[in-house]
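Enquirer: model this:
(one chain, ligands or ions: 1)
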Amino acid sequence: MGMIFDETYRPFFEAANAQGIYDPVWGACHVELAAVGSRTGQRAEKYRETAPTTVRGFHSFTEPRAVGQVVEADVDFVCVATPDHRHFTAAREVLAAGKHLLLEKPSVLSLAELDELQDLAQAQSVLAKIVYHKLLDPDHKKLRTLVADGVLSHVNHGYCSLLEPKSISGDQFSEWIQGRNPGTYVAVHYIKLIDFTFGLQLARVTCTGQRGIVGPAGGDTWDSTQLRLIYEDDHGREAAFDIHTSWVTPDNFPGYVEQEVQFRFDNGVWNGHSRKRGVECTIEGRTPGEFKNSMNNHYNGQFLEPWGIRSQRGYGVEVLERFAREVAYLEFGGSPEQRPNRLEELRRLTYNDLSADRQTVAAVQAMEAILAKHAAGTPGCVVKVNDPSGGLVLYSPGSSTPEILYAPPV
Ligand SMILES: NC(=O)c1ccc[n+]([C@@H]2O[C@H](COP(=O)([O-])OP(=O)(O)OC[C@H]3O[C@@H](n4cnc5c(N)ncnc54)[C@H](O)[C@@H]3O)[C@@H](O)[C@H]2O)c1
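Expert: Numbers count the residues shown, from 1 in each chain. Predicted structure coming up:
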């Protein structure tokens with residue numbers, strides 16, 4: 001019931017509740033927000049007050065057994081949008097109860113956790129999918145189209161950056177920010193974008209970062225991080241990507257979340273910038289606080305539609321509807337005997353299936369391990385992927401003993 005619920009799940013559930021979802025193959029489905037779970041229930045009750053009357057009837061369950069009670073309620077699928085390091089236990093409970101799962105990014109923080117969830121999803125014959133909204137960004141879809149069509153050929157290197165305002169680390173996430181970093185939270189968007197768009201094999205990971213604003217300079221809570229990923233293609237050619245993230249950008253920065261990507265190919269360059277998509281607006285006394293000077297209307301915009309109704313379009317909100325449509329197709333898209341075939345078909349969708357998240361989780365696990373070593377006094381570690389010693393292996397400067405983070409191949 002946090003920020004991402006408000007920005008994308010709420011608009012999705014409200015629209016799906018009002019209009020249902022339809023496909024000629026499986027007919028019309030009503031989508032009801034049946035139950036929610038959160039730590040204290042405060043934001044759920046606040047939402048109930050403002051929700052459309054037809055949505056207000058949801059159950060609200062709180063800790064200590066928030067997820068347990070949600071899965072016992074009459075629900076068909078469960079969306080997990082808890083803080084990053086609390087995804088795994090919630091997701092495991094959902095799958096163990098035989099419910100379809102939609103998990104926020106980053107899916108989980110280690111490959112061992114990923115294996116456990118995947119085994120559970122297999123055993124229970126349910127969908128386990130992940131939300132990567134950035135794959136739905138129209139610019140990123142175009143990038144992937146040009147790569148898939150061979151118009152842009154062989155990516156060589158790239159740079160991505162995402163800068164969140166200080167209010168995110170200081171206020172919105174203050175309950176769970178201790179010991180966390182902005183890389184896991186937002187670099188993961190770009191790790192997935194690179195992984196999904198370019199189809200390369202991850203080879204090495206390095207990372208560094210800065211501390212001293214959100215927490216003590218020698219502590220384990222990070223203000224900003226710089227991650228470097230080295231990939232290889234099938235011919236042994238390498239590609240390197242730097243991903244810079246921060247959650248301490250001044251709140252009066254003219255754009256809300258600054259996002260920039262540059263990818264350089266054998267035959268081209270792609271530059272994308274969230275604040276240079278076309279709109280600059282100044283309103284006396286109201287920008288850049290209440291309104292931002294450079295509005296990113298591809299993100300979470302509130303609009304007056306030409307036909308007179310007010311709408312809110314969460315960023316990539318269609319990925320949530322797409323998941324509901326996948327569930328509907330699985331359950332109602334043909335005979336029960338054919339369900340295993342439909343399940344396999346849906347699991348082959350690599351944009352959202354848990355089974356396709358291995359390299360992304362490997363990069364996140366490596367980044368977290370490198371930052372933990374750094375905070376404990378050993379900066380400059382490198383993690384190698386599918387090394388002779390194991391699937392994910394950490395090498396510390398000055399030490400000849402590698403640390404095996406994950407033994408099987410990634
Ligand atoms: N896809 C995106 O673009 C995007 C954007 C923002 C956040 N996210 C992801 O969504 C997740 C949530 O982020 P947020 O910004 O909404 O965070 P938030 O801190 O605003 O909200 C977290 C929510 O989780 C609940 N919660 C915390 N611990 C819980 C527990 N043990 N059991 C049940 N509920 C618990 C809290 O009550 C709160 O409602 C994160 O994993 C984040 O990475 C994704």
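Enquirer: ok, the residue in the stretch 1-150 of the chain positioned nearest to the ligand - contacts?
Expert: Going by C-beta to the nearest ligand atom, the ligand is nearest to G2 of the stretch 1-150 of the chain, at 1.8 Å. For glycine as for every other residue, the C-beta is placed from the backbone atoms N, C-alpha and C. Neighbour list for G2: S38, R43, A81, P83, Q172 [criterion: C-beta atoms under 8 Å, 6 or more residues apart in numbering].
Enquirer: can you narrow these to ones near the ligand?
Expert: Among those, the ones lying near the ligand by C-beta under 6 Å from any ligand atom are S38, R43, A81, P83, Q172.
Enquirer: can you pick the most crowded of those?
Expert: Taking other C-beta atoms under 10 Å as the neighbour criterion, S38 ranks highest of the ones next to the ligand among the contacts of G2 with 22 neighbours.
Enquirer: could you measure that residue against R180, distance?
Expert: Distance of S38 to R180, given as C-beta to C-beta, to the nearest Å: 19 Å.
Enquirer: and if you look at I370?
Expert: Distance, I370 to R180, by C-beta to C-beta: 15 Å.
Enquirer: between those two, who's got more neighbours?
Expert: The residue with more neighbours, out of I370 and R180, is I370; 26 against 22, by other C-beta under 10 Å.
Enquirer: Would you agree the more buried one is in contact with G209?
Expert: No. Using C-beta atoms under 8 Å, I370 is not in contact with G209; the gap is 9.3 Å.
Enquirer: re the thing from before, of the ones next to the ligand among the contacts of G2, just say which sits nearest to F12.
Expert: Nearest to F12 out of those is A81 (C-beta to C-beta; 11.8 Å).
Enquirer: residue boundaries of the helices in the stretch 301-410 of the chain?
Expert: Counting by DSSP state H, counting those that start in this stretch, the stretch 301-410 of the chain has helices at residues 318-332, 339-347, 358-375.
Enquirer: How about the stretch 151-300 of the chain?
Expert: Listed in chain order, the helices of the stretch 151-300 of the chain (DSSP H, counting those that start in this stretch) span 166-167, 182, 188-198.
Enquirer: and the residue of the stretch 251-400 of the chain nearest the ligand?
Expert: The ligand sits closest to Y315 of the stretch 251-400 of the chain, with a gap of 6.2 Å, by C-beta to the nearest ligand atom.
Enquirer: Low-confidence ranges, this protein, go.
Expert: Low-confidence segments of the chain, defined by pLDDT under 70, span residues 299, 314.
Enquirer: okay, which residue is most central for it?
Expert: Central residue of the chain (C-alpha atoms, centre = their mean): K105, 2.5 Å from the mean position.
Enquirer: about what we covered before: now, among the contacts of G2, which is nearest to H273?
Expert: Proximity of the contacts of G2 to H273 (C-beta to C-beta) peaks at Q172, which lies at 24.1 Å.
Enquirer: Touching, that closest one and D6? I think so.
Expert: No. Using C-beta under 8 Å, Q172 makes no contact with D6, being 10.6 Å away.
Enquirer: quick one on the thing from earlier: using a markdown table, please lay out the contacts of G2 together with secondary structure.
Expert: Listed next are these as a markdown table, based on DSSP: H, G, I helix; E, B strand; the rest coil:
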| residue | secondary structure |
| --- | --- |
| S38 | strand |
| R43 | helix |
| A81 | coil |
| P83 | coil |
| Q172 | helix |
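Enquirer: Any chance of TSV for the residues you listed, columns distance to E290?
Expert: Below are the contacts of G2 laid out as TSV (distance: C-beta to C-beta, whole Å):
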residue	distance to E290
S38	27
R43	21
A81	26
P83	27
Q172	17
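Enquirer: And those, which is closest to A123?
Expert: Nearest to A123 among the contacts of G2: A81, at 24.3 Å, using C-beta to C-beta.
Enquirer: ok, the closest residue in space to the closest one that isn't next to it in sequence - contacts?
Expert: Ranked by C-beta to C-beta, 6 or more residues apart in numbering and with sequence neighbours excluded, the top spatial neighbour of A81 is E104, at 4.5 Å. Applying C-beta under 8 Å, 6+ apart, we find E104 in contact with I4, C79, V80, A81, T82, H87, I130, V131.
Enquirer: among those residues, who's most crowded?
Expert: Among the contacts of E104, the one with the most neighbours (other C-beta under 10 Å) is I130, at 27 neighbours.
Enquirer: for the residue of the stretch 1-150 of the chain closest to the ligand, phi and psi?
Expert: Here is the backbone geometry of G2 (degrees, to the nearest 10): phi -100, psi -150.
Enquirer: Then the one 10 residues further on?
Expert: When read as degrees, to the nearest 10, the backbone of F12 gives phi -60, psi -50.
Enquirer: so what's it closest to, chain neighbours aside?
Expert: The shortest distance from F12 to any non-neighbouring residue, by C-beta to C-beta, 6+ apart, is to L320 (4.2 Å).
Enquirer: which parts of the chain sit against the ligand?
Expert: Residues of the chain found near the ligand (C-beta under 6 Å from any ligand atom) are 1-5, 37-39, 43, 63, 66-67, 81-84, 86, 104-105, 131, 133, 172-173, 185.
Enquirer: The stretch 1-150 of the chain: helices as residue ranges?
Expert: Going by DSSP H, counting those that start in this stretch, the stretch 1-150 of the chain shows helices at 3-4, 10-19, 42-50, 66-72, 87-96, 111-124, 138-148.
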